Every structure is written in C-alpha cells, then in structure tokens.
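Engineer: Got a predicted structure plus its sequence, pasted below:
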Amino acid sequence: MKSNTIKVGLLVLGLTAFVSNSSFGQEGKQDRKKPTYSELLKKMDANEDGKLAKAEVKGLLEENFDKIDTDKDGFISEKEFENVPKPERKGKRKQN
C-alpha cells in the first residue's frame, strides 16, 4: 500500500512539473506580438515628423527597409508597415 502511495505521489509530481513547464514555455510567445505603427512612431520617430526614415528605425525594419519601402520615398508609411509579411521562424523545420 505504501509503495502505491509513493508511485501515485511521484506520478502527480511529474505531471505537475510537466504541465507547469509547458505553460511556462508559452508565455514568451504571447509577448511577441507585432507592434502597431503608432507604437513604432512613439519609440523611433526621433524628429517627430510622423514618418519613419531609415536613419530612425532599428533591427529588422532597418535590415529590410528597402523591401518594406515599396514606393521608394525614403520612409515607411503605415500602409507599407501593415503589409510587411511575418518573418520566417529560424530553426523551425517545414513538414512534408
């Protein structure tokens, strides 16, 4: 009887650890949402002209500026920003 109690206790403990680790891993993914254009303006529009120039942006926006700026006016408009495709996830394998 004692060994059954110990086995059940270990099983419950293992399942609890598994479930808590699984839900913990999901938290980071929820925080990675695409910012809005107005949020980017607040963070990056250094001269406060209501536009995002290449000199003002950072990260993926800077790296892909020429692709995003489809009308080639030197700025990323809200419309251009909204049409940016989601970046491919690194390390994720495509299933056949």
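Structural biologist: That came through, no problem.
Engineer: Which pLDDT value belongs to residue 7?
Structural biologist: pLDDT for residue 7: 70.
Engineer: my guess is residue 58 meets residue 44, correct?
Structural biologist: Yes: counting by CB atoms under 8 Å, residue 58 touches residue 44, with 6.9 Å between them. In short, each C-beta sits where N, CA and C put it, glycine included.
Engineer: The two: who's more crowded?
Structural biologist: residue 44 (18 against 10; other CB atoms under 10 Å).
Engineer: Extract the residue ranges of the protein that are flagged as low pLDDT.
Structural biologist: 1-2, 8-32, 87-96 (pLDDT under 70).
Engineer: Show me the helices in it, by range?
Structural biologist: Counting by DSSP state H, the chain has helices at residues 2-30, 37-44, 59-63, 65-68, 78-82.
Engineer: Identify the residues contacting residue 56.
Structural biologist: 44, 45, 46, 47 (CB atoms under 8 Å, 6 or more residues apart in numbering).
Engineer: I'd like to know how far it sits from residue 7.
Structural biologist: According to CB to CB, to the nearest Å, residue 56 stands 61 Å off from residue 7.
Engineer: Then residue 62?
Structural biologist: Residue 62 is 57 Å from residue 7, by CB to CB.
Engineer: same check, this time on residue 74
Structural biologist: Distance from residue 74 to residue 7, by CB to CB: 68 Å.
Engineer: Could you do residue 75 as well?
Structural biologist: 65 Å.
Engineer: now swap in residue 67 and tell me
Structural biologist: 58 Å.
Engineer: Residue 77 too?
Structural biologist: 63 Å.
Engineer: cool, residue 54 as well?
Structural biologist: Residue 54 sits 63 Å away from residue 7, taking CB to CB as the criterion.
Engineer: Comparing the two, which shows the higher neighbour count?
Structural biologist: The neighbour comparison of residue 54 against residue 7 (other CB under 10 Å) goes to residue 54, with 14 against 10.
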